[in-house]
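S.K.: A structural model of the following input is requested.
(one chain, ligands or ions: 1)
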Amino acid sequence: MSIDRPPWEGVAPVDPYPYEETHDLRHGPDLHPALLGLLPYVGLWRGRGRGGYPTIDDFTYAQEVRFSHDGRPFLAYESRTWILDDEDKPVRPAAREVGWWRARENSDEIEVLITEPTGVMELYFGTIDGLKIEMATDAVVRTPTAKPVAGAHRLYGIVEGALAYVIELAAMGQPLQSHLSARLERVGG
Ligand code: HEM
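M.R.: Just a heads-up that it's a prediction; the model follows:
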């Protein structure tokens with residue numbers, strides 16, 4: 001394989017990506033009908049959470065989550081977190097993840113793919129039940145240097161207009177148990 005003389009050499013420059021993506025349902029493409037059950041999640045969210053695990057100290061974190069769409073039957077998902085001190089000041093960046101939430105028309109089933117920079121990739125299957133989404137890992141794939149994550153379970157809900165969730169984790173040889181819980185307010189979309 002070689003990249004010295006690519007076959008596209010000499011061709012005119014390409015225009016910027018021509019399709020719109022949005023987390024604001026008032027703008028951009030229509031939401032795909034398959035995503036109706038996920039409609040309440042589309043937006044930009046920010047809030048606070050608490051975390052812990054038997055192998056680590058408890059911590060408080062802040063988080064921004066964005067669920068956006070481009071008219072196709074999946075949501076793009078991005079999350080960035082940062083650790084907070086007792087006075088709510090940022091201490092350091094913490095976990096990030098990106099992924100895809102896939103849904104089908106006339107089905108309450110959801111398929112979610114999430115990738116983390118810690119070398120972990122999670123594949124979830126779950127169900128949408130009104131404003132609640134519950135999912136469990138069907139597979140976890142790890143790089144050779146990733147921590148031993150065996151599985152996870154996530155419960156998301158829209159509660160009084162806020163996005164709340166609980167994440168349970170089986171890792172470090174420990175059984176499935178709580179790692180995170182948070183409540184995020186809508187700040188956009
Ligand atoms: C909101 C997202 C998350 C936050 C804020 C968070 C935060 C933390 C913090 C502060 C630690 C302590 C050690 C360190 O700082 O690295 C930690 C450890 C860990 N987290 Fe998370 N985490 C998040 C999501 C996840 C997810 C989704 C997974 C699994 C896929 C995960 C798996 C782990 C593991 C395996 C450890 C190592 C525990 C140990 O070394 O004993 N975390 N996390």
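S.K.: contacts and neighbour counts: CA atoms only from here.
M.R.: Noted.
S.K.: next up, the contacts around the closest residue to His69 other than its chain neighbours.
M.R.: Nearest non-adjacent residue to His69, counting by C-alpha to C-alpha, 6 or more residues apart in numbering: Leu75, 5.0 Å away. By C-alpha atoms under 8 Å, 6 or more residues apart in numbering, the contact set of Leu75 is Leu35, Val42, Phe67, Ser68, His69, Trp100, Trp101, Arg102.
S.K.: which other helices and strands does the one helix or strand the third one maps to contact?
M.R.: For Phe67, the host element (DSSP states H and E) is strand 56-68. Applying 3 or more C-alpha pairs under 8 Å, 6 or more residues apart in numbering; DSSP states H and E, we find strand 56-68 packed against strand 43-53, strand 74-84.
S.K.: sorry, back to before: any chance of the contacts of Leu75 in CSV, plus distance to the ligand and pLDDT?
M.R.: Below are those laid out as CSV (distance: C-alpha to the nearest ligand atom, whole Å; pLDDT from 0 to 100):
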residue, distance to the ligand, pLDDT
Leu35, 23, 98
Val42, 18, 98
Phe67, 15, 98
Ser68, 19, 98
His69, 22, 98
Trp100, 14, 99
Trp101, 15, 98
Arg102, 18, 98
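S.K.: so the most centrally placed residue in the chain bridges to which residues?
M.R.: Residue closest to the average C-alpha location in the chain (C-alpha atoms, centre = their mean): Tyr77, at 4.4 Å. Beta-bridge pairing of Tyr77 under DSSP bridges involves Phe67, Gly99.
S.K.: compare the contacts of Leu75 and tell me which is most surrounded.
M.R.: Among the contacts of Leu75, His69 has the most neighbours (other C-alpha atoms under 10 Å), with 27 neighbours.
S.K.: quick revisit: how near is the residue nearest to His69 to Asp129?
M.R.: 17 Å (C-alpha to C-alpha, to the nearest Å).
S.K.: got the residues of this protein near the ligand?
M.R.: Thr55, Ile56, Tyr61, Thr81, Ala94, Ala95, Lys147, Val149, Ala171, Met172 (C-alpha under 6 Å from any ligand atom).
S.K.: mind redoing it with 8 Å?
M.R.: For the chain, the residues in contact with the ligand (C-alpha under 8 Å from any ligand atom) are 49-63, 79-83, 94-97, 116, 120-122, 147-149, 151-152, 167, 169, 171-172, 179-180.
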